[in-house]
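Enquirer: Predicted model follows, preceded by the sequence.
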Amino acid sequence: MDARTKHETFLDSGILKKIQSVKNDDSIINAANGTAIIKQKSYFDFQYELLHDKYKNLVDRIYANELTVLPNRRKFEVLMNKALLKDMNGILVLVDIKNFNQINFHHGITFGDQLIEKIGTCFQRNVSDESIIGYLGGNTFSFYCLRCDSHEELLLEIGKVLKTISNDFADKLYLKATTVAIPVNIMRGCFEDYYKLADHLLKRIKKEDKELLYFDHKQYAEEITRRKLVDYVNESVEKMKYTMVYQEKIDSTTGKVVGLEALARLKKNNVFISPNVFIPILEQSGAIVDFGTNVLEMVFNDMNTIDEKYSDSSITVSINISPSQLKNDNFVNQIRELIDTYKIDMTRIEFEITENVFIDNFTGCNELIVQLKELGVKFAIDDFGTGYSSLKYISILPIDTLKIDKSFIDIISEEKDKAVVKAIIDVAKASKLNIVAEGVETIRQVEILSDLGCTIIQGYVYSHPQRLNEVDVI
């Protein structure tokens with residue numbers, strides 16, 4: 001095909017209409033007497049320009065959100081990374097519009113889209129030029145404030161925009177947001193590093209029902225320490241770094257040891273990590289189930305040593321069981337396997353659970369406990385009075401023992417609080433439950449509890465938790 005034929009084919013194509021719409025000083029196309037006279041631009045130049053335009057349109061669609069016309073996450077990342085190359089004095093702000101699912105539910109998704117569009121437009125008009133604005137999708141907007149010292153002004157502008165939009169509607173929406181602000185000079189990184197941190201913090205403060213977090217250098221140092229601790233705690237499950245200690249339960253009328261509570265302990269750099277710290281970490285990571293299995297195996301393995309130390313094969317050993325373990329469909333089979341392996345008399349094992357395990361699924365939890373009780377396991381409600389149960393609820397729980405929480409013991413000398421403890425003891429006795437007072441630290445507390453009818457005592461007044469090789473039974 002010669003050059004002329006190519007030009008004629010080109011003229012007949014739909015591309016010509018697009019080319020003819022382009023005007024510039026070079027007079028790209030003159031059409032005269034049906035003949036195209038092409039000046040300064042060749043056919044291939046036109047093709048290049050068309051492809052360039054198409055590419056530009058494609059890039060715009062890739063990098064800009066169609067709803068808000070704001071940079072999407074990809075484009076915002078590019079812009080922020082470019083800004084980071086120039087200096088490290090900016091601040092990343094994530095703004096998550098609260099309760100947006102409810103807005104969509106009550107007003108419809110179309111309304112929600114229009115609202116997001118309006119919020120984006122208002123942010124563009126009202127937020128300082130010193131900020132890069134983006135829409136990350138869902139109900140989350142992002143800002144990169146180029147100067148750290150102007151972040152307070154930015155936060156005020158964001159709040160004003162949301163308030164203005166709320167007032168624009170007949171039935172006020174009362175728009176609020178959860179906001180995280182991170183100065184980039186707290187660490188060296190790129191957009192992805194800062195975004196991961198900001199998103200993590202955003203989720204955390206939403207759970208805590210807070211609306212604003214300015215994450216400074218001190219908090220960043222604390223976060224790094226916390227992350228190292230989390231890694232260590234989770235790693236410790238796999239590497240079995242935990243040790244077992246046992247705290248005695250004493251019958252105050254005879255001074256005899258009638259039971260033990262197994263407690264897991266973990267050290268880091270020769271410093272004990274509190275169970276109040278590592279247990280929530282394990283719960284959050286999901287490692288609590290494996291941890292619980294390890295604890296069961298360690299305790300079952302210690303049973304012969306316990307019998308030798310105390311010369312008593314009737315002592316009951318209590319083991320704390322987490323809600324996650326009880327929700328595990330394989331938990332009962334797991335216990336059966338451990339019984340077969342360690343040949344344990346399960347009537348000597350007591351599982352301590354908290355009241356809150358019944359909140360989500362009372363019926364399912366009840367059925368599971370009944371199955372375990374058929375294997376001989378006893379059950380105790382730990383920390384009673386701090387959670388879900390009421391006194392009348394005790395009678396329908398499939399339990400054997402009630403443990404009065406330390407918070408009641410600490411104030412038992414007060415008449416009003418003593419009356420509450422007496423009521424707990426009376427209802428427990430009426431329900432034929434065993435009663436244990438935990439966290440008892442003084443002889444005076446022992447005497448008051450004895451007068452009220454509770455004689456099984458667990459606490460520092462008689463015994464600290466100790467490893468079995470440290471036990472010295474007189």
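Expert: Received the coordinates, thanks. For clarity, every value in this text was computed on a predicted model and none was experimentally measured. Numbering: from 1, shown residues only.

Enquirer: C-alpha only now, for contacts and for neighbours.
Expert: Fine.

Enquirer: and the helix or strand encompassing V427, which residues are buried?
Expert: Take DSSP states H and E as the rule and V427 turns out to sit in helix 415-430. For helix 415-430, the neighbour count (16 or more other Cα atoms under 10 Å) marks 418, 421-422, 424-428 as buried.

Enquirer: Kindly report the same for stretch 287-304.
Expert: Judged by neighbour count (16+ other Cα under 10 Å), stretch 287-304 contains these buried residues: 287-289, 291-296, 298-300, 303.

Enquirer: Show me the shaky parts of the stretch 151-300 of the chain.
Expert: 151, 168-172 (pLDDT under 70).

Enquirer: Now with 50, please.
Expert: Applying pLDDT under 50 to the stretch 151-300 of the chain flags no residue at all.

Enquirer: Which parts of it are strands?
Expert: Listed in chain order, the strands of the stretch 151-300 of the chain (DSSP state E, counting those that start in this stretch) span 177-183, 212-214, 243-251, 256-268, 271-273.

Enquirer: Can you say which of those strands is packed in most?
Expert: Of all these, strand 177-183 has the most neighbours on average by mean count of other Cα atoms under 10 Å, namely a mean of 24.

Enquirer: helices or strands up against it?
Expert: Applying 3 or more Cα pairs under 8 Å, 6 or more residues apart in numbering; DSSP states H and E, one finds that strand 177-183 contacts strand 91-97, helix 191-207, strand 212-214.

Enquirer: Do you know the pLDDT at S313?
Expert: According to the prediction, S313 has pLDDT 83.

Enquirer: ah, wrong one, I meant N356
Expert: In this prediction N356 is given a pLDDT of 75.

Enquirer: Give me the neighbour count for it.
Expert: Counted with other Cα atoms under 10 Å, the neighbours of N356 add up to 15.

Enquirer: With S324 as the reference, measure out to it.
Expert: According to Cα to Cα, to the nearest Å, N356 stands 12 Å off from S324.

Enquirer: Next: T179.
Expert: T179 is 32 Å from S324, by Cα to Cα.

Enquirer: cool, and L212?
Expert: Counting by Cα to Cα, the separation of L212 from S324 is 31 Å.

Enquirer: do the same with M346
Expert: Taken as Cα to Cα, the span from M346 to S324 is 21 Å.

Enquirer: So which of the two has more stuff around it?
Expert: Under the criterion of other Cα under 10 Å, the comparison of M346 against S324 puts M346 first, with 19 against 15.

Enquirer: Surely that one and G376 touch.
Expert: Yes - counting by Cα atoms under 8 Å, M346 touches G376, with 5.0 Å between them.

Enquirer: before we move on, what SS does I353 have?
Expert: With DSSP: H, G, I helix; E, B strand; the rest coil as the basis, I353 sits in strand.

Enquirer: Near it, how many other residues are there?
Expert: I353, neighbours per other Cα under 10 Å, totals 21.

Enquirer: Just confirm it contacts N320, I think it does.
Expert: Yes - counting by Cα under 8 Å, I353 does reach N320; the two are 6.2 Å apart.

Enquirer: Got the phi and psi for K403?
Expert: Dihedral pair for K403: phi -110, psi 120, per degrees, to the nearest 10.

Enquirer: Excluding residues flanking it in the chain, which one is nearest it?
Expert: Spatial nearest neighbour of K403, chain neighbours left out: V436 (4.7 Å); criterion: Cα to Cα, 6 or more residues apart in numbering.

Enquirer: and that neighbour, that's in a helix?
Expert: No - V436: not assigned to a helix; according to three-state DSSP it is strand.

Enquirer: hang on, it packs against G453?
Expert: No - V436 lies out of contact with G453 (Cα under 8 Å); the separation is 10.4 Å.

Enquirer: When these two are compared, which one has more neighbours?
Expert: When V436 is set against G453 and neighbours are counted by other Cα under 10 Å, the residue ahead is V436, at 24 against 14.

Enquirer: residues contacting the more buried one?
Expert: Residues near V436 by Cα atoms under 8 Å, 6 or more residues apart in numbering: 401-404, 454-458.

Enquirer: Next, format these as CSV and append neighbour count and distance to H200.
Expert: What follows is those, written out as CSV (neighbours: other Cα atoms under 10 Å; distance: Cα to Cα, whole Å):
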residue, neighbour count, distance to H200
T401, 20, 41
L402, 24, 39
K403, 24, 37
I404, 23, 37
C454, 23, 47
T455, 22, 48
I456, 24, 45
I457, 30, 43
Q458, 27, 40
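
Enquirer: Same list (these) but as CSV, adding distance to Q445, secondary structure and pLDDT.
Expert: CSV is the format used below for those (distance: Cα to Cα, whole Å; DSSP: H, G, I helix; E, B strand; the rest coil; pLDDT from 0 to 100):
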residue, distance to Q445, secondary structure, pLDDT
T401, 20, strand, 93
L402, 18, strand, 92
K403, 15, strand, 92
I404, 13, strand, 90
C454, 11, coil, 93
T455, 11, coil, 94
I456, 12, strand, 95
I457, 10, strand, 96
Q458, 11, strand, 96
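
Enquirer: between these, which is closest to R147?
Expert: I404 (55.4 Å; Cα to Cα).

Enquirer: Dig out what the closest one forms beta bridges with.
Expert: For I404, the beta-bridge partners are F384, A437 (DSSP bridges).

Enquirer: What separation do you get for it and I349?
Expert: 19 Å.

Enquirer: which element is Y144 on?
Expert: Element membership for Y144 (DSSP H and E) is strand 140-145.

Enquirer: so that strand versus strand 177-183, what angle?
Expert: With axes from the mean of the first three to the mean of the last three Cα atoms, to 10 degrees defining the directions, strand 140-145 sits at 30 degrees from strand 177-183.

Enquirer: For strand 140-145, buried residues please.
Expert: 140-145.

Enquirer: same for that strand, what does it pack against?
Expert: Using 3+ Cα pairs under 8 Å, 6+ apart: strand 140-145 touches strand 91-97, strand 131-137.

Enquirer: how far off strand 140-145 does the first one point, in degrees?
Expert: Strand 91-97 runs at 160 degrees relative to strand 140-145, counting by the same axes, to 10 degrees.

Enquirer: still on that earlier bit, arrange the buried residues of helix 415-430 in a markdown table, one row each, with pLDDT as further columns.
Expert: Formatted as a markdown table, those follow (pLDDT from 0 to 100):
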| residue | pLDDT |
| --- | --- |
| K418 | 88 |
| V421 | 89 |
| K422 | 91 |
| I424 | 87 |
| I425 | 91 |
| D426 | 90 |
| V427 | 86 |
| A428 | 88 |
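
Enquirer: closest to N104 among these?
Expert: Distances from N104 to the buried residues of helix 415-430, taken as Cα to Cα, are shortest for I424 (47.2 Å).

Enquirer: show me where the stretch 301-450 of the chain has helices.
Expert: Assigned helices in the stretch 301-450 of the chain, in chain order: 323-327, 331-342, 362-374, 406-410, 415-430, 443-452 (criterion: DSSP state H, counting those that start in this stretch).
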